[in-house]
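Peer 1: I'll drop the sequence and a predicted model, then ask my questions.
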Amino acid sequence: MTNRSAPFDTADYLRTPEDIAEYLNAAIEEESESPGLFLNALGNAARALKGMSELSKETGLSREALYKALSEDGNPKMSSLLSVLHSVGLEFSVKRRAP
């Protein structure tokens, strides 16, 4: 008998804005060791809460542009990042780094 498993999709485990905020903060902490991790994580979060079609409607960005911007190799504009964050109920902030 062949044992089959479903592919893992992080988006399946992100249920609330609190889950997503924690997930994105963890990605930010690891960004220096894994460039592109935050953008990929934001893409997972967006898919979890909205789906790319709905996100596209809300942000005014095409689905293709969203997939490209929110990939590990993406290089989105700040306005695009903020649009996606706001669409999923989050905001961007900066705090002083501990010495």
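Peer 2: Yep, it's here. Everything quoted here is computed from the prediction, not taken from an experiment.
Peer 1: alpha carbons only for contacts and neighbour counts from here, please
Peer 2: OK.
Peer 1: how close does the nearest residue to Tyr13 once chain neighbours are set aside sit to Glu54?
Peer 2: Spatial nearest neighbour of Tyr13, chain neighbours left out: Ala48 (7.9 Å); criterion: CA to CA, 6 or more residues apart in numbering. Using CA to CA, to the nearest Å, Ala48 is found at 11 Å from Glu54.
Peer 1: Between the two, point out the one with more neighbours.
Peer 2: Using other CA atoms under 10 Å as the criterion, Ala48 and Glu54 rank with Ala48 on top: 20 against 15.
Peer 1: Was I right to think the more buried one contacts Leu14?
Peer 2: Yes: Ala48 lies in contact with Leu14 (CA atoms under 8 Å); the separation is 6.0 Å.
Peer 1: ok, the residue nearest in space to the middle of the chain to Asp19 distance?
Peer 2: Geometric centre of the chain, nearest residue: Leu42, 0.8 Å, by CA atoms, centre = their mean. Separation of Leu42 from Asp19 (CA to CA): 12 Å.
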